[in-house]
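# got a predicted structure plus its sequence, pasted below:
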There are 2 protein chains.
Amino acid sequence: MSKYSVIGTRVHRVDGPEKVTGNAKYTFDLVLPGMLYGKVLRSPHPHAKILKIDTRKAKRLIGVKAVITGKDTLGRKQGIWRRFPELCDEEILCREKVRYIGDPVAAVAAIDEDTAEEALDLIEVEYEPLPAVFDPLEAIKEEAPQVHDGVELNINVTRHIEWGDVDEAFKKCDHIREDQYKLCSQAHVCMETHDAVVSYDYGGKMTVWTSTQSSYYIQRLMADMTGLREGDIRVIKPTTGGGFGSKFELDSAQFCAAILSMKLCKPVKIVLNREEEFTATKRRTPMYYFLKLGAKKDGTLLAKEVRVITEGGAYTAMGATALYLTGFFSSFPYKYPNYRFDGYRAYTNTATTSAMRGFGAPQSTFVGESQLDMMAEDLGIDPIEIRRKNGMTPNYEVPGQAYIQSCGLHQCLDKIDAHIKERGKLPPNHGIGVSAYGFMSGGIFNWFDTPYAFSAAIVRINIDGKVDLFTGACEIGQGSDTTLSMICAEELGVKLEDIRIHAADTGICPVDLGAWGSRTTLMNGNAVKMAAADAKRQLLEFAAAKMGPNIVYDFDIKDQWIHLADRPERGISYFDIVKEAIRGKDGETIIGRGHYTPHRKGMISPAYSFGVQAAEVAVDPETGRYKLVNVTTAHESGTVINPVGIEGQLEGAIMMAGGYGYCEDQPMDEGKILNPSIADYKLIRSLDMPETEILEIDTYEPEGPFGAKEAGEGLTNPTAGAIGNAVYKAVGVRINDLPITPEKVLRALKEKQKKSK
Amino acid sequence: MSKYSVIGTRVHRVDGPEKVTGNAKYTFDLVLPGMLYGKVLRSPHPHAKILKIDTRKAKRLIGVKAVITGKDTLGRKQGIWRRFPELCDEEILCREKVRYIGDPVAAVAAIDEDTAEEALDLIEVEYEPLPAVFDPLEAIKEEAPQVHDGVELNINVTRHIEWGDVDEAFKKCDHIREDQYKLCSQAHVCMETHDAVVSYDYGGKMTVWTSTQSSYYIQRLMADMTGLREGDIRVIKPTTGGGFGSKFELDSAQFCAAILSMKLCKPVKIVLNREEEFTATKRRTPMYYFLKLGAKKDGTLLAKEVRVITEGGAYTAMGATALYLTGFFSSFPYKYPNYRFDGYRAYTNTATTSAMRGFGAPQSTFVGESQLDMMAEDLGIDPIEIRRKNGMTPNYEVPGQAYIQSCGLHQCLDKIDAHIKERGKLPPNHGIGVSAYGFMSGGIFNWFDTPYAFSAAIVRINIDGKVDLFTGACEIGQGSDTTLSMICAEELGVKLEDIRIHAADTGICPVDLGAWGSRTTLMNGNAVKMAAADAKRQLLEFAAAKMGPNIVYDFDIKDQWIHLADRPERGISYFDIVKEAIRGKDGETIIGRGHYTPHRKGMISPAYSFGVQAAEVAVDPETGRYKLVNVTTAHESGTVINPVGIEGQLEGAIMMAGGYGYCEDQPMDEGKILNPSIADYKLIRSLDMPETEILEIDTYEPEGPFGAKEAGEGLTNPTAGAIGNAVYKAVGVRINDLPITPEKVLRALKEKQKKSK
């Protein structure tokens, strides 16, 4: 029997009933009295000067209440790296220049969406088109057009990571491989597009309802951009239909709705349509990867050198972090004694690239795991074996970068090894590829330069024993409301139904940096656990007093029963003690507080998860088409808080990461995205999904709540690499640019035939 | 110069801008996605058995989503006196019997109000009319119909108060008067009628938006009546358009919307129309008053005996308290050495009578002040003099009942005396009447049997110095959001604009019993002050640490400047210390907590306000019509927190209390209210308003925050009495049944002429 009553059990999501009945209210559903509807006018040019914007005709249209341009803003530029003004480069409403097709130039508020749409057509913008650049390798040439004035060679940021002596080490290698890769774009495709309802009132206070991964960031960014005091802005996240990294920064829906609302003192709603969602929001970073890997004959990896040039698009966004993390995770999950990474992010006249689930690691894992399989083949070593030989182990330090405490990589390798052996001999043209990976459990980097704790929580126990849990954590579909409620219930010794969570409302909840970097379970979970422990302690004081002075054993609470830890039959009802404690405190509710900020845990993350995935494909060599037959994953995430949640994360990740390897892409023509609809943008559908299996791994992370760590984002890393390796095993061809489409497989098969003739 | 920076200053209401621009959102304004509209079917009979309710036709109407009757409820009965089950007697949706015209029997939810209304006509209710009783003096007769089974003589509750030896004392009196009065009904006439939006979701949680004076009571009563756990019910009070005592208990809008929403899992809105508001909500208690007053020749009052029979209407509601308070305040504001009160509340087949601003005291003040003037005349003593002789003084104990600390009655008498002398000789048929009164600052009686503190507050200081003030206090128009924000700002040493108040939302705010009995400024004010002081202490710790170990002076904060109390120039910005303190607490916000429950303060209230009012009328003896010329009030409320607020309270009170004396009434025919519209129900309009003047009195209440006490409800007490006494002074006639209409004055003048002939 588990020592836990709540965590580790299979429960329904706390937001499940409302969601499955269609009753949950998203920002999209909100209607406020007197609300207006906004629309955003966007640049049709990838690069152009704005000579003139004439809004007079639009303003005269009946039903139009306001038209705004960059002149109605303070002209400030937003950025998430608040300590570096040069990285705050996005105006949102452009005043002088547009830099990608979709850059906002004006917005309208009207009595309905149709009128607002019609008004957009009446805004006359005079542009002077400028030469544009779309590929990062072109952008860094001397003669390339400048996307931002004063940025030499369009290089937005560079990142360098190094340890050991890479050049010397390569000299000692028995075998060296150099490979190049090209990594495609990917859209987040949240079911809920970016949207916001903003209500600025006559008292000078602004309320923002929006689909976001961080209410707190939106509050701060909105304050920066509007000049309002942050305390005068309340950001509320209603039910949210996905984020995946696309919903941190202030977007055009939020900002334009805010400026319009401030002009009118009326609520304004803006919902991006699906085309805007595909073309004018952030996306996964395309990269050129140049890899050099050196090993001894026995497979020991001695040195790795990585050079990356990323397509930044028009603005910085979180691109600097994606660049750094792809460099950091290029060393994962192996112990390289010598390592060098040089990354460059180039501005281009394309939609901005930024954070997306995995945040640089799916790229590095695909290229690293592809190359490692080739290295193993070159050396005649089994792919699992080369990973065993070099894989990270518990209490390993990534030199100068990170301290890894728990690490179950080797258990994962064992389980996957057994799994592959179990599959036995495969049918012809079938292949199983493996891919190992690691990921962080929340970022330590304080890019937002906040003096607040990274996560905080408040637990309030009411007279009926119901517990109000206040947290800034953002439930975006990943299940944090459920996981945090479970942690709270477990620590406090009550049932899940005793918890009522209030989250992601800056007006009432303590701060949390948001849902990114797989940080919520570990960071907010620690804060919630601490708050629950604080509240519990207050109850136990009363219990101890009540049960007499001769009691010296420790008390505990479990399943609503406060009892002596060693004599559980001696106890008293939680509900009775709650009443007593509140009466004893002269009628004040019990309030517990908790917070978490990582201290002295290296530069990246307080904890790391690891995993190994095996993908089996069946390729049709006549057409190049292939099918994902089975994807089996051994993912170690420390103590599992919410097993059903992890299964959901796994399935969702395979759908998304499989899509990244298999079919998703955003082809462009002169900066124009050619497939901006769900009809044309190919996702893995339920019918395309492989069998999925999850193999349980038992680890314990000392830094995590109840030993838990990351369980959501890391799962996005391995699949593209596993598919690539599986296709190679099946039919002997390697595709080095994502996605691995049937066309590319077929072309490679033909080349191979040609060569073998 | 005042020692205060915020309190005592003339500020705009914090909710002012939104209200004066029409932008504030009342429950009435709320629209939720998928919301349905409800209507309530009410009894046309004052007393009847329900034989059958057939809802089939109504259910078949297109657009109707649900029809409910009492069978869809748990059949429980609500009541505010939770410790006394026999006083919980109101089912809301009647199952077996209706007891007044307006008693709810069914409700409908439909896609719009018209459809719901139409459906009501299709519900077939078969009644068996029963004999009914309307007057309390009839109701207590043996042969009267029984309103509730098993209640002998229809006597709902009795109340007895006694001290001294009344019978002996009367023997020692030189003069005894016996008088009888009849006190009319009065409607609250809130600008916002009773309304609610209730959303019950598939997760089993209910959210209630409603116009209420106590979110907490509604939460608890709703839990009692629906069987839900109170923590699963969140009650939110949006902007509210008046309460005046009518909005405590669960009403038909709230309850029917809840039951319909639980049935449908959709939001349901019910807004009572004005006719329902007049006929089917609670109202001021009509009373028969029998008074006996004995005095010595010199005007010393020796004994008073009071008997009261009140018209209870169909249910208990807060009528038991109105009965007790009219008895208690019948001794006010005088020192009676011997006193006896016997009160009886009789059930009748009329709309329930309950709390209304003044809560029994306007009745007792009218009758008491009328009789006292007559006693003074009988004895040949000036009305001011007889009040001086007997008036309460500081640190007086009402025997066995109450401890009065601050009392400025004598200052008030002096000021009004001077005012009357200033007015000099009046024109013919003009008269000035005076009326003295006292009132409580919040009730001590825990009728709700709550283990919570009576008031609690939480203060959270954020990184930008903005202060979130969380309180359960209910802003119903009386200005509590402003007053509490001022108290918070003053105590914390910041500006009013630094405060953002979150109030009356049971999901996020600490408990408060609500806006009744003039309790908010004193009780919630104390909680807010304590919470602010707690937060301030935490800032001062950092300031002291920062300014070095040699600092031994006391620190203080004022106007955002933290400084040495004795050397104000040595200090540091509040904003800087906030940042330091939050960083020092590892990023947690500063949170301060406070609460208040009166301890050892007698049975009624922790503090009492006093006042004297002088009303001047000009009577036209030909028609009996009279005009309120001037109403001047000396009201002592301790330290004045919000002077503009008090002026508003005074003007509103004169309008309402003047209406009680002058024109408001609810005449009935066989239990049917004959004037259920604002066209027919006569209110004092702005054109009818007299000049009003407020005379400042300087007192300090040790139990109140910064010395403050009641400043709102007490002002409703004197006006009817002052008008009655003024009419007598002007034309020599006394009207002993309210309201004092021109018809009654004219009739009395004619009787007087007849007699004098």
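Received the coordinates, thanks.

# hey, let's count contacts and neighbours off CA atoms from now on
OK.

# what are the boundaries of the helices in the stretch 601-750 of chain A?
All helices of the stretch 601-750 of chain A, identified by DSSP state H, counting those that start in this stretch, fall at A:643-662, A:719-731, A:742-756.

# got these as TSV, with mean pLDDT columns?
Below are the helices of the stretch 601-750 of chain A laid out as TSV (pLDDT from 0 to 100):
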stretch	mean pLDDT
helix A:643-662	95
helix A:719-731	98
helix A:742-756	95
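
# may I ask which helix or strand encompasses A:Cys488?
helix A:480-492 (DSSP states H and E).

# now the helices of the stretch 601-750 of chain A in JSON lines, with distance to chain B and mean neighbour count?
Converted to JSON lines, those look like this (distance: least, CA to the nearest CA, whole Å; neighbours: other CA atoms under 10 Å in any protein chain shown):
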{"stretch": "helix A:643-662", "distance to chain B": "18", "mean neighbour count": "22"}
{"stretch": "helix A:719-731", "distance to chain B": "35", "mean neighbour count": "28"}
{"stretch": "helix A:742-756", "distance to chain B": "45", "mean neighbour count": "15"}
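
# among those helices, which is nearest A:Ser211?
Among the helices of the stretch 601-750 of chain A, the nearest to A:Ser211 by CA to CA is helix A:643-662 (19.5 Å).

# that closest one vs helix A:742-756, what angle?
Calculated by axes from the mean of the first three to the mean of the last three CA atoms, to 10 degrees, helix A:643-662 forms an angle of 50 degrees with helix A:742-756.

# remind me what helix A:643-662 packs against, helices and strands.
With contacts taken as 3 or more CA pairs under 8 Å, 6 or more residues apart in numbering or on different chains; DSSP states H and E, helix A:643-662 sits against strand A:691-695, helix A:719-731.

# on that earlier part again, can the helices of the stretch 601-750 of chain A go into TSV with extra columns for distance to A:His160?
Output for the helices of the stretch 601-750 of chain A, formatted as TSV (distance: least, CA to CA, whole Å):
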stretch	distance to A:His160
helix A:643-662	26
helix A:719-731	24
helix A:742-756	33
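
# quick one, which of these gets closest to B:Pro676.
Between those, helix A:643-662 lies closest to B:Pro676; by CA to CA that is 57.8 Å.

# quick one: that closest one to helix A:719-731, angle?
60 degrees.

# just the C-alphas of helix A:643-662, formatted as PDB.
Taking Å, rounded to 0.1, in the frame of the first residue of the first chain, the C-alpha atoms of helix A:643-662 are listed here in PDB:
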ATOM      1  CA  PRO A 643      -0.500   9.200 -13.000                       C
ATOM      2  CA  VAL A 644      -3.500   9.900 -15.200                       C
ATOM      3  CA  GLY A 645      -2.000  13.300 -15.900                       C
ATOM      4  CA  ILE A 646       1.300  11.900 -17.000                       C
ATOM      5  CA  GLU A 647      -0.400   9.500 -19.400                       C
ATOM      6  CA  GLY A 648      -2.200  12.500 -20.900                       C
ATOM      7  CA  GLN A 649       1.000  14.400 -21.100                       C
ATOM      8  CA  LEU A 650       2.600  11.500 -22.800                       C
ATOM      9  CA  GLU A 651      -0.100  11.000 -25.400                       C
ATOM     10  CA  GLY A 652      -0.200  14.700 -26.100                       C
ATOM     11  CA  ALA A 653       3.500  14.900 -26.400                       C
ATOM     12  CA  ILE A 654       3.700  12.000 -28.900                       C
ATOM     13  CA  MET A 655       1.000  13.700 -31.000                       C
ATOM     14  CA  MET A 656       3.000  17.000 -30.900                       C
ATOM     15  CA  ALA A 657       6.500  15.700 -31.000                       C
ATOM     16  CA  GLY A 658       5.600  13.000 -33.500                       C
ATOM     17  CA  GLY A 659       4.100  15.800 -35.700                       C
ATOM     18  CA  TYR A 660       7.400  17.600 -35.400                       C
ATOM     19  CA  GLY A 661       9.200  14.600 -36.700                       C
ATOM     20  CA  TYR A 662       6.600  13.400 -39.100                       C
END
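
# thanks a lot, catch you later.
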